[in-house]
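Enquirer: Just to be clear, the model below is a prediction. Sequence and coordinates:
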There are 2 protein chains.
Amino acid sequence: MKPLSSTARTRVRRLPERSSADRAVLYDILDAGMICHLGVVMDGAPRVIPTGYGRLEDTLYLHGSTGASSLMAGPSQDVCVTVTHVDGIVLARSVFHHSINYRSAVIYGTPQPVTDPDAKRTGLRAITEQLAPGQWDATREPSRKELAATAVLALPLSEASVKVRQGPPSDDEPDHALDVWAGVLPVQQTFGTPSPDPLLRPGIPIPGHIAHRVTS
Amino acid sequence: MKPLSSTARTRVRRLPERSSADRAVLYDILDAGMICHLGVVMDGAPRVIPTGYGRLEDTLYLHGSTGASSLMAGPSQDVCVTVTHVDGIVLARSVFHHSINYRSAVIYGTPQPVTDPDAKRTGLRAITEQLAPGQWDATREPSRKELAATAVLALPLSEASVKVRQGPPSDDEPDHALDVWAGVLPVQQTFGTPSPDPLLRPGIPIPGHIAHRVTS
């Protein structure tokens, strides 16, 4: 497995102990997410838009709706894709040491539009399965017309950095004597009871690949 | 309450029915979040970094650690701040109509460093209370030295757009006959059992303002 690049912008300047050059960690962070925040430069100013994505080996596929559509119009341009998981609120004895336990991945590069129908289907499958594992095989595949109407971008995972903070607060030693509770409030993403489409035909049960995700 | 601006970049081009020019919706989306994704332009390329924030009336305060610190060094520059909540996975009968139920706020502007100690304290309080309501009064306030070591940016909420998608999938009518389950898998953010700092003094109970957030 190739180590992650270390360019000027992926080198973590602040708190480098939170950085990890491990490609496996990058994959784990990406595979655990549902949306990314896609950054582009428009008229010299930054624009950050949430959008769907999927990973297949060393390629990140971006769904070309919403903000990404502007990337399809002009020539190829640099983007930044960030995926963040919030794992806990770090409650310290001092305001100063409050923090967040998180995992984040930041990817830089120039995505290319995917135009070949087979390659586009591959990318769309990755994006669909990222959001809803098992749905590609369970639902109607895109028609040729739908495929043509969907934009897919491919971004190589060649320049990326990951950053992770876990663990208890790091209060200054003198503050340990304070009469203040300190610790971590875990933050989780959970899935509720599926809500059927009001137009759902009677007698169609919730399939196992959806039901098994329910956590509450 | 002032309506939201409608500039070229805040006007929602695609699916304008998902847009809302309601400032109250903007506030709700911001107030429900814990982190934002801050976009800046560095050497002509976009950079998107997760960071803490807080809202006080028409001002968004950004915590000047992590990526924001680069904003403190040079002259004031444009940023884009995006806050996104994922509310559900929209499972359609066709791959094409899969979607995400979400609420997002996108804010554009030029943040200014907050330097006055009282104003900085106000901003830090907003950021702390956004993450952990009740903690500002329950913990040790920043010392003068800590205050000096913390960078706070203030961004006016003057140019912003919100976008919301809710509800069931919108499959094409002919697909309603398919033998495929369709509906929404709700996505929730929940808080687990607080984990005390291993260095916590014995006999300090979890305060109510933390305990009452626990959902599982």
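Expert: That came through fine. Residues are numbered from 1 along each chain as shown, chains lettered A, B, ... in the order given.
Enquirer: what ranges do the helices span in chain A?
Expert: Per DSSP state H, chain A carries helices over the ranges A:23-31, A:69-73, A:117-131, A:135-138, A:144-149, A:208-211.
Enquirer: just so I know, which of those lies nearest A:I49?
Expert: helix A:69-73 (8.9 Å; Cβ to Cβ). For glycine as for every other residue, the C-beta is placed from the backbone atoms N, C-alpha and C.
Enquirer: Show the average pLDDT along the closest one.
Expert: Average pLDDT, helix A:69-73: 61.
Enquirer: hang on, A:Y53 packs against A:L62?
Expert: Yes. The criterion here is Cβ atoms under 8 Å, and A:Y53 meets it with A:L62 at 5.3 Å.
Enquirer: shared neighbours, these two?
Expert: A:36, A:81, A:127 (Cβ atoms under 8 Å, 6 or more residues apart in numbering or on different chains).
Enquirer: Closest to chain B out of those residues?
Expert: A:V81 (7.4 Å; Cβ to the nearest Cβ).
Enquirer: ok, back up a step: pipe the helices of chain A into TSV and attach mean neighbour count and distance to chain B per row.
Expert: Formatted as TSV, the helices of chain A follow (neighbours: other Cβ atoms under 10 Å in any protein chain shown; distance: least, Cβ to the nearest Cβ, whole Å):
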stretch	mean neighbour count	distance to chain B
helix A:23-31	17	12
helix A:69-73	14	7
helix A:117-131	20	5
helix A:135-138	16	6
helix A:144-149	12	4
helix A:208-211	14	6
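Enquirer: ok, of the ones you listed, where does mean pLDDT dip lowest?
Expert: Among the helices of chain A, helix A:69-73 carries the lowest mean pLDDT (a mean of 61).
Enquirer: what residue is smack in the middle of chain A?
Expert: By Cα atoms, centre = their mean, chain A has its centre lying nearest to A:V83, at 3.5 Å.
Enquirer: Return the distance of that residue relative to chain B.
Expert: Remark: distance between A:V83 and chain B (Cβ to the nearest Cβ, to the nearest Å) = 9 Å.
Enquirer: contacting residues for that residue?
Expert: Each residue near A:V83 by Cβ under 8 Å, 6+ apart is listed here: A:29-30, A:33, A:35-37, A:53, A:104-105.
Enquirer: Pull the most distant pair out of the residues you listed.
Expert: The most widely separated members of those, counting by Cβ to Cβ, are A:Y53 and A:S104 (14.3 Å).
Enquirer: all strands of chain A, in order?
Expert: A:19-20, A:35-42, A:45-56, A:59-63, A:79-91, A:99-109, A:112-113, A:152-156, A:159-165, A:183-191, A:195-196 (DSSP state E).
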